[in-house]
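Peer 1: Next comes the sequence, and after it the predicted model I'd like to discuss.
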Amino acid sequence: MKEEVVAPALPMQSHWLPLSNLDLLLPSVDVGVFFCYANVFTTITTIVTTTTIVTTTNIVVALKKALTQALVSFYPLAGELAANSAGELELLCNNRGVDFVEAVADVELRCLNLYNPDESIEGKLVPTKKHGVLAVQATFLKCGSLVVGCSFDHRIADAYSANMFLVSWAEMARPTKPTISSLLCQAQPCFHRSLLNPRRPGYIHPSVQNMYVPYSNLPLPKKPEPKSDSLISRIYYVKAHDLNHIESLANSNFIINGMRRTKLESFCAFLWKIIASSAKDKRVIAKMGIVVDGRKRLINGNNKERALLMSSYFGNVISLPFGGKPAKELTEKPFSWVASEVHAFLEAALTEEHFLGLIDWVEAHRPSAGLARIYCGDDNAGGGDGENDDGPSFVVSSGQRFPMDKVDFGFKTKAMELHIEESEPKVKTVAPFSKQGLCNPLATLALAIRRDSGTIT
């Protein structure tokens, strides 16, 4: 294993980049993503010339060179987080660089236990970020395949932003990659925090108060019990015809106002129902949150300039609405009813006013940071009206619309991509992904299961 730090090809003057109000809502969480490329020594055609013998060194050099070029535009990823005088985090853009690990694993791609990523992926193929806000690892497998893994600090980038960087990095590795000078003339990631400024005066809808809580209002963390259950991760493969069947069931009884339940809403309803059914005590409240991107909601009508800036905005522009229902109700009610409940709590966050109100809410509570209630544990999450609120909680984050095929470093064959989020102790993330958007041939899921009961949470 080799480790080094890769810095931007063109260092910028050291400066501070403030976090936006929406960045301040994210807990200290690292998000991992890995890409599996099969038989890179036989399929590689572009990142090295045909007259050069392809070696691991060639490939690593090409990946690192492309990374140095991509970091010119995405320079905050080469920095590190530090607290300012008010105690709030800011991003120090100091050209520190990105930790890059080159590794070799004595295992074939087909033998990887992807069902159990705790054993085979996390900390092995996806690096553990020790410094900075991004870590990268390239691992060559016994069969000649390659796994490229990254770990991002969620406080500075959501999945949309991370995907922007990954696509840019891959483009720089291909033979048609632009030069640095031409790249600077193209559309660049936007770091204008003024796009997410609070209103004067602000207005906060009561629904936002129910979704988020200031850290200052949270009780001191309880001392963990010696035998408290832990979470394990699992990856599941769901075929297209199963997803289509789930969607048809969600829309089987009625269509409200001519609006069908989407594939995502339908699948979330399916997860909510089966997780609720696994609860031993059906009086508990089962809670589910869904990550919502706000970029298209914050374009201010037909403002084309703002729409362009928001489409390239780098940072967190997400909200986390959630619903809570008694497990008994979710289990016994028709599936179409559960899908309607998903639509109801999700719809409230799909507006410009919701995101503007969320920005205003953070401003009203600064310098105390805030957190989505679903992450706060059972005593603070609420969201239901049952007798016992101590139920399973989980979050769904969908990457269906991300152009995953564009993360092409010059290899013909990409076997798989998956995101893994290291979340809060009591809440785990479910991440449906596919190669071709909503009409997808598959969805890959990452779930967490309680060791003692087998309950998916």
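Peer 2: The structure has been received and is ready for your questions.
Peer 1: Using the three-state scheme, assign F165.
Peer 2: On the three-state scheme (DSSP: H, G, I helix; E, B strand; the rest coil), F165 is labelled helix.
Peer 1: My read is that it contacts F74, right?
Peer 2: Yes. With contact defined as CB atoms under 8 Å, F165 reaches F74; the gap is 4.9 Å. Heads up, the C-betas are built off the backbone N, CA and C, glycines and all.
Peer 1: Please enumerate the shared neighbours of those two.
Peer 2: Shared contacts of F165 and F74 (CB atoms under 8 Å, 6 or more residues apart in numbering): 189, 314.
Peer 1: Ends of stretch 312-325, what's the gap?
Peer 2: Stretch 312-325 has its terminal residues 37 Å apart, counting by CA to CA, to the nearest Å.
Peer 1: I meant to write stretch 107-115 there.
Peer 2: 15 Å.
Peer 1: Also stretch 308-315?
Peer 2: Stretch 308-315 has an end-to-end distance of 15 Å (CA to CA).
Peer 1: roughly how far is it from the heart of the chain?
Peer 2: Centroid separation between stretch 308-315 and its chain, computed with CA atoms, centre = their mean, to the nearest Å, is 17 Å.
Peer 1: Then stretch 138-151?
Peer 2: That offset, for stretch 138-151, works out to 21 Å (CA atoms, centre = their mean).
Peer 1: Let me see the mean pLDDT of it.
Peer 2: The average pLDDT within stretch 138-151 is 94.
Peer 1: buried set for that stretch?
Peer 2: For stretch 138-151, the buried set under the neighbour-count rule, 16 or more other CB atoms under 10 Å, comprises 138-141, 144-151.
Peer 1: Between its first and last residues, what's the separation in that stretch?
Peer 2: 12 Å.
Peer 1: Contact partners for the residue most central in space within the chain?
Peer 2: The chain has A159 as the residue nearest its centroid, 4.2 Å off, counting by CA atoms, centre = their mean. Residues in contact with A159 (CB under 8 Å, 6+ apart) are 31, 291, 397, 399, 402, 419.
Peer 1: Look at the fifth one and give its secondary structure.
Peer 2: I take that to be F402. Assigned state for F402: coil (three-state reduction, three-state DSSP).
Peer 1: On the three-state scheme, E90 is what?
Peer 2: Quick answer, by three-state DSSP: E90 is strand.
Peer 1: Return the distance of it relative to R193.
Peer 2: 10 Å (CB to CB, to the nearest Å).
Peer 1: So for these two, which residues contact both of them?
Peer 2: With CB under 8 Å, 6+ apart, E90 and R193 have common neighbours 17-19.
Peer 1: If you rank those by neighbours, which is first?
Peer 2: L19 (22 neighbours; other CB atoms under 10 Å).
Peer 1: what pLDDT does that residue get?
Peer 2: Turning to L19, the model gives it a pLDDT of 97.
Peer 1: Surely it and R155 touch.
Peer 2: Yes. Under the criterion of CB under 8 Å, L19 makes contact with R155 at 7.0 Å.
Peer 1: list the residues that contact both of those two?
Peer 2: In contact with both L19 and R155: L89, using CB under 8 Å, 6+ apart.
Peer 1: Look at L308 and give its secondary structure.
Peer 2: helix.
Peer 1: Ok, C36 next?
Peer 2: strand.
Peer 1: Surely it and C143 touch.
Peer 2: No. Assessed by CB under 8 Å, C36 is found out of contact with C143, at 10.9 Å.
Peer 1: Find residues that contact each of the two.
Peer 2: Jointly contacting C36 and C143 under the rule CB under 8 Å, 6+ apart are L109.
Peer 1: From what I see, P403 and V167 are in contact.
Peer 2: Yes. With contact defined as CB under 8 Å, P403 reaches V167; the gap is 6.7 Å.
Peer 1: neighbour-wise, which of the two wins?
Peer 2: More crowded of P403 and V167, by other CB under 10 Å: V167, with 18 against 12.
Peer 1: List the backbone torsions phi and psi for the nearest residue to that one once chain neighbours are set aside.
Peer 2: Of all residues not flanking V167 in the chain, K406 sits nearest, at 4.7 Å (CB to CB, 6 or more residues apart in numbering). K406 adopts backbone torsions of phi -80, psi -10, taken as degrees, to the nearest 10.
Peer 1: shaky segments in this structure?
Peer 2: Residue ranges of the chain with pLDDT under 70: 42-54, 175-187, 221-230, 254-258, 377-389, 412-457.
Peer 1: what domains does the record give for it?
Peer 2: Per the record, the chain has its domains at 2-196, 206-450, by automatic domain parsing.
Peer 1: Number of residues surrounding N300?
Peer 2: So N300, with other CB under 10 Å, has 13 neighbours.
Peer 1: Shouldn't it be within a strand?
Peer 2: No. Counting by three-state DSSP, N300 is not found in a strand; it is coil.
Peer 1: Show the contacting residues for it.
Peer 2: Contact analysis of N300 by CB under 8 Å, 6+ apart lists 306, 352.
Peer 1: State the distance from it to K263.
Peer 2: Distance, N300 to K263, using CB to CB: 29 Å.
Peer 1: likewise N163?
Peer 2: Note on N163: its distance to K263, by CB to CB, is 20 Å.
Peer 1: do W16 as well
Peer 2: 42 Å.
Peer 1: again with S393
Peer 2: Using CB to CB, S393 is found at 23 Å from K263.
Peer 1: Which of the two has more residues huddled nearby?
Peer 2: Neighbour totals were compared for S393 and K263, and S393 leads with 27 against 22 (other CB under 10 Å).
Peer 1: If the more buried one is in a bridge, with which residues?
Peer 2: K287 (DSSP bridges).
Peer 1: got the buried residues for the longest helix along the chain?
Peer 2: When the chain is parsed with DSSP state H, its longest helix is helix 56-73. Neighbour-count burial for helix 56-73, counted by 16+ other CB under 10 Å, picks out 58-60, 62-73.
Peer 1: For the stretch 101-250 of the chain, which segments are assigned as helices?
Peer 2: Under the criterion DSSP state H, counting those that start in this stretch, helices of the stretch 101-250 of the chain are mapped to 117-120, 159-173, 180-185, 206-211, 240-250.
Peer 1: between these, which one is nearest to M1?
Peer 2: helix 117-120 (16.7 Å; CB to CB).
Peer 1: Noted, bye for now.
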